[in-house]
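In: Need the 3D shape of this:
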Amino acid sequence: MNNLDLQKYYNKCIDDYANNFEGSSVSKKELDIFIAQLKTPQEARVLEVGSGLGQEAEYMSQKGCSVLGIDLSQEMTNYAWIHRKCGLYLTLDFFKVYDLVGGNHFDGLWASSSVLTHINKKNAPKFFLEARKLLKISGYMGIIVRKDKFNFKSKVVFNNYSKDEISHLMIEDGFEILHISEKKFKDSKWWFVLSKRIS
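Out: Modelled structure (predicted):
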């Protein structure tokens with residue numbers, strides 16, 4: 001994944017992105033499942049990777065979680081600061097979070113169509129290894145990844161995953177899968193996976 005290309009892509013499309021997704025509750029059901037695992041949300045520290053417009057970080061904050069939303073796009077981060085009522089938002093590379101907060105820090109990690117969508121598949125294990133470092137033992141991770149193929153071309157990588165692919169990656173890197181289901185949004189299909197760090 002070329003971070004510069006990714007930053008330029010989302011900085012450029014912020015207006016269209018906001019017009020399409022502002023006010024959307026695409027992941028509310030899945031967020032509720034994720035939050036329910038955090039036995040005391042009022043004390044839970046959650047990292048949202050690829051926080052975008054900030055809607056999901058805001059929702060989790062309203063449920064009592066202490067949420068740090070990170071995004072590579074400065075325009076996305078600016079939008080979140082302006083439009084969201086709660087949550088903390090930083091323009092930050094996921095792979096630099098450890099340098100900021102250290103390991104075993106978060107009770108939960110939420111990634112809705114972010115790093116895994118844009119990282120080359122051969123590097124996907126690095127995402128889960130990094131997530132494992134950041135999460136407390138028995139911490140929870142909720143991810144949403146595309147099931148069917150993206151139907152457009154771009155300099156930016158857009159990946160889809162089969163159920164077996166995503167399951168294998170997570171199990172190999174120290175996560176127990178607690179729930180996996182298919183969800184639909186408009187004309188696209190996605191996997192929602194809830195997992196737990198076990199080692």
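
In: secondary structure class for the residue of the chain positioned farthest from its centre?
Out: Centroid-distance maximum for the chain: residue 153 at 22.3 Å, with CA atoms, centre = their mean. Here residue 153 takes the coil state, with states given by DSSP: H, G, I helix; E, B strand; the rest coil.

In: residues in contact with it?
Out: Contacts for residue 153 (CB atoms under 8 Å, 6 or more residues apart in numbering) come out as none. The C-beta positions use only the backbone N, C-alpha and C, and glycine is treated the same way.

In: Also the one 5 residues further on?
Out: Residue 158 sits next to 117, 118, 146, 150, 152 when contact means CB under 8 Å, 6+ apart.

In: all helices of the chain, in order?
Out: 3-12, 14-21, 28-37, 55-62, 74-83, 97-101, 115-118, 124-134, 163-172 (DSSP state H).

In: Outside of the fifth one itself, list whatever touches it.
Out: Which is helix 74-83. 7, 10-11, 14, 17-18, 22, 51-54, 57-58, 69, 71, 87, 89-91.

In: one more time with 10 Å
Out: 7, 10-15, 17-18, 22, 50-55, 57-58, 69-71, 73, 87-92 (CB atoms under 10 Å, 6 or more residues apart in numbering).

In: Put the alpha carbons of it into PDB.
Out: Extracted in PDB, the C-alpha atoms of helix 74-83 (Å, rounded to 0.1, in the frame of the first residue of the first chain):
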ATOM      1  CA  GLN A  74      -5.900  14.800   6.900                       C
ATOM      2  CA  GLU A  75      -9.100  15.800   5.200                       C
ATOM      3  CA  MET A  76     -11.000  12.900   6.800                       C
ATOM      4  CA  THR A  77      -9.600  13.800  10.200                       C
ATOM      5  CA  ASN A  78     -10.500  17.500   9.800                       C
ATOM      6  CA  TYR A  79     -14.000  16.500   8.800                       C
ATOM      7  CA  ALA A  80     -14.400  14.300  11.900                       C
ATOM      8  CA  TRP A  81     -13.200  17.100  14.200                       C
ATOM      9  CA  ILE A  82     -15.700  19.500  12.700                       C
ATOM     10  CA  HIS A  83     -18.700  17.300  12.500                       C
END
